[in-house]
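Visitor: Test case, fold it:
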Amino acid sequence: MLKPYEQKLQNIKDEILKVGTEVVESLELCLKALKDNNINDLKNIEITEKKLQIKSNEIDNLIVTTLALYSPEATDLRQLVSFLKITNELVRTGSNAKDFAKQFKKSFSEDLNTSTILEYAIPLLKSALLSLQTSISIIDETNSKHIEEKYHRVIVEESKTDDLYLMVEKNILKLISKNLDLSKEYFDILSALRRLEKIADRAVSIANLLQFAQVGGDIVQS
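Guide: Take a look at the predicted model:
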């Protein structure tokens with residue numbers, strides 16, 4: 001049986017994992033909608049910033065209470081400080097996932113060059129999803145080598161999202177130059193895809209915070 005402090009810490013981890021899993025599942029639904037070319041299914045993304053913020057506040061209050069009751073030190077203190085920051089990162093990640101679904105569904109139409117858009121949007125979404133999945137999985141890791149490996153995996157996927165976004169931006173700008181009448185729709189698609197790049201950025205921040213929690217070092221947030 002876990003000691004009271006250990007039980008509190010496990011409860012906090014479990015709650016953070018629940019929030020992270022909710023965001024990941026929303027992105028998985030988005031990916032399926034794009035792969036199946038059923039863009040209308042993006043309306044089924046139910047995640048909201050308000051709900052995430054309420055849950056984040058509950059977790060933060062649990063963390064603050066634990067800090068006040070047990071005055072943890074060293075690794076335990078680093079973990080709780082990291083968890084406080086991670087809840088905010090998850091709220092921002094969920095907000096970007098919701099905005100992506102909403103904006104992409106609204107802007108995507110047969111008037112646009114849908115094959116070019118999906119050619120880049122699907123791998124961009126895959127990399128954003130994988131970066132977030134990998135970053136969240138670090139929370140249960142205790143092996144420093146595995147933590148380091150996962151952290152670098154997140155960095156690689158985030159770098160892919162940067163490259164893919166630049167490529168889709170370049171191609172969409174070419175499409176706009178050929179059909180200025182659809183420039184607003186194309187720019188709205190770009191704005192939606194930019195949300196995926198931001199999700200990968202947030203995943204790097206989460207991975208860095210979890211690495212800091214377990215092995216120390218410096219906090220680096222984008």
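Visitor: got the buried residues for stretch 205-222?
Guide: Buried residues in stretch 205-222, counting neighbours by 16 or more other CB atoms under 10 Å, are found at 205-214. Bear in mind the C-beta positions are built from the backbone N, C-alpha and C, glycine included.
Visitor: pLDDT of it, averaged?
Guide: Stretch 205-222 carries an average pLDDT of 81.
Visitor: hey, C-alpha coordinates of that stretch in CSV?
Guide: C-alpha atoms of stretch 205-222 as CSV (Å, rounded to 0.1, in the frame of the first residue of the first chain):
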residue,chain,number,x,y,z
SER,A,205,7.7,21.6,-23.5
ILE,A,206,5.8,18.8,-21.8
ALA,A,207,8.7,16.3,-22.5
ASN,A,208,11.2,18.8,-21.3
LEU,A,209,9.3,19.4,-18.0
LEU,A,210,9.0,15.6,-17.4
GLN,A,211,12.7,15.2,-18.1
PHE,A,212,13.4,18.0,-15.7
ALA,A,213,11.1,16.3,-13.1
GLN,A,214,13.0,13.0,-13.3
VAL,A,215,16.6,13.9,-14.0
GLY,A,216,16.9,17.6,-13.3
GLY,A,217,18.7,20.1,-15.6
ASP,A,218,17.1,23.2,-17.0
ILE,A,219,13.5,23.9,-18.0
VAL,A,220,13.3,24.9,-21.6
GLN,A,221,9.9,25.9,-22.8
SER,A,222,8.9,27.2,-26.3
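Visitor: Kindly reformat the buried residues of stretch 205-222 as TSV containing secondary structure and distance to residue 195.
Guide: As requested, the buried residues of stretch 205-222 are exported to TSV (DSSP: H, G, I helix; E, B strand; the rest coil; distance: CB to CB, whole Å):
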residue	secondary structure	distance to residue 195
205	helix	15
206	helix	16
207	helix	19
208	helix	20
209	helix	21
210	helix	23
211	helix	25
212	helix	26
213	helix	27
214	helix	29
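Visitor: Cool, thanks, signing off.
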